[in-house]
Each structure stands twice: as C-alpha cells, then as structure tokens.
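[1] dropping a prediction and its sequence here:
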Amino acid sequence: MKGLIIYFSHAGENYMRDGIKNITKGNTEIVAEKLQNLTNANIFKVESIKEYPYNYQECCDVAKEELNKKERPELKKYLKDIDNYDVIYIGSPIWWGTMPMPLFSALEKLNWQGKIVKPFTTHEGSGLGNVMSDLTKVCPGAEINNGLAIRGSDAEESEEMLKSWI
Ligand SMILES: Cc1cc2nc3c(=O)[nH]c(=O)nc-3n(C[C@H](O)[C@H](O)[C@H](O)COP(=O)(O)O)c2cc1C
C-alpha cells in the first residue's frame, strides 16, 4: 500500500543559520519532496486560504496570535479521507514550538484509527518541539512512530537522514 505525505511549508523570508533569508521554496517542502522521491508516497500540501505574510517578523506575529487563540484556519482544500494509506508522514516546520495551525485544521478532520504516523519537522533549534505530544491528541488511534527533526538550513542535505529514518 502506498504511503501519504501531508505537509505544510512557508516560502518567503525565513530565519536561517546565517540570518534572515528569502527562500523561494520552504524547507519542509524541500524535505517532503525528497521523502516522496525515496518512498514513492503520494503527497498533500496543506495551504491556508489566508496567506501568511512574506515578512518574517509579521509571519511570526500572525502565527503567535493564531496559536494563542487556538485558531483552525480554513484551508484551500481538505483530504476527504486517508482510507487508502497505512503510513502517513506528517511534515511540519516548528512555529512557536509546535505545528502551524493549518496542519491542525487538516489533521483533526481525519480518522486516524489504525494508522501509522511518521512525523518530521524542520526547525532552527527546537527539534520536534511539542509535535509528538500534539500529534497524539490530533491523531487519536494512530501509532505515532519516532519523529525526525531536521535543521531547516540543512533541508537540502537531508537525504541521508531521511534514508536511515524511513
Ligand atoms: C512563524 C515562525 C515561527 C517559528 N518558530 C520556531 C520555533 O519555535 N522554534 C524553531 O526552532 N524554529 C522556529 N521557526 C523556524 C522554522 O521552524 C524553520 O525555519 C523551518 O525550517 C521553516 O520551515 P518552512 O520553510 O517549511 O516553512 C519559526 C519560523 C516561523 C516563520
């Protein structure tokens, strides 16, 4: 049975090892696409209807407010179900210690009973943050496997890490 990769990623200004940089493709997207090449899984990008600011500081402010308010932003599209998949990879940047709220919007709608979840994050120091514990709440009934945390600045060089994690 095929796997499925569900991920969120934000291009624009981002905080990288050597300061604030403009990235045209998000770090998590870079990793998700490498993972797709390695696993041949299907892939689903979670996108909020309301775009996040290009500016890093503004994006941080919006994200913090959404987190504090426990918002569930409307998405451009939703997965109908995940019935055809056993293994679901969930890819997320760390925003204020956990996943961006749109991922919560996407994941909470699905039936996780009997699924295997393999979480991966990109981050600039927080590792997996609270993602593992948040996923146990958001994906009830799933078996949550070991997560993989990749430094966002290392996304382009993540293939070997992915290979040994898969
Ligand atoms: C709104 C916002 C909040 C962030 N919060 C954290 C954080 O709490 N911990 C951390 O290590 N990195 C944090 N970062 C850095 C991102 O997790 C990191 O750059 C990641 O690779 C971005 O992935 P993306 O390009 O796929 O969106 C934050 C970045 C943004 C834009």
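    Now that the structure is in, tell me what you want to look at. Numbers count the residues shown, from 1 in each chain.
[2] for this protein, what lies in contact range of the ligand?
    9-10, 14-15, 26-29, 56, 59-60, 63, 93-97, 122-126, 152 (Cβ under 6 Å from any ligand atom). For glycine as for every other residue, the C-beta is placed from the backbone atoms N, C-alpha and C.
[3] which ones among the residues you listed map onto helices?
    27-29, 56, 59-60, 63 (DSSP state H).
[4] what about G19, how many residues close to it?
    6 (other Cβ atoms under 10 Å).
[5] again but with T122, I slipped
    For T122, using other Cβ under 10 Å, the count is 27.
[6] give me the beta-bridge partners of V117?
    I88, I144 (DSSP bridges).
[7] is it true that it touches V138?
    No. With contact defined as Cβ atoms under 8 Å, V117 does not reach V138; the gap is 9.5 Å.
[8] what residues of stretch 70-83 count as buried?
    71, 73, 75, 79, 82 (16 or more other Cβ atoms under 10 Å).
[9] can you name the residues bridging to the third one?
    Right, the one you point to is L75. S48.
[10] that one and L135, how far apart?
    18 Å (Cβ to Cβ, to the nearest Å).
[11] also the first one?
    Separation of E71 from L135 (Cβ to Cβ): 18 Å.
[12] in the ones in helices among the residues of the chain next to the ligand, find the pair that's most separated.
    The span of these, defined through Cβ to Cβ, is set by E29 and C60 at 19.1 Å.
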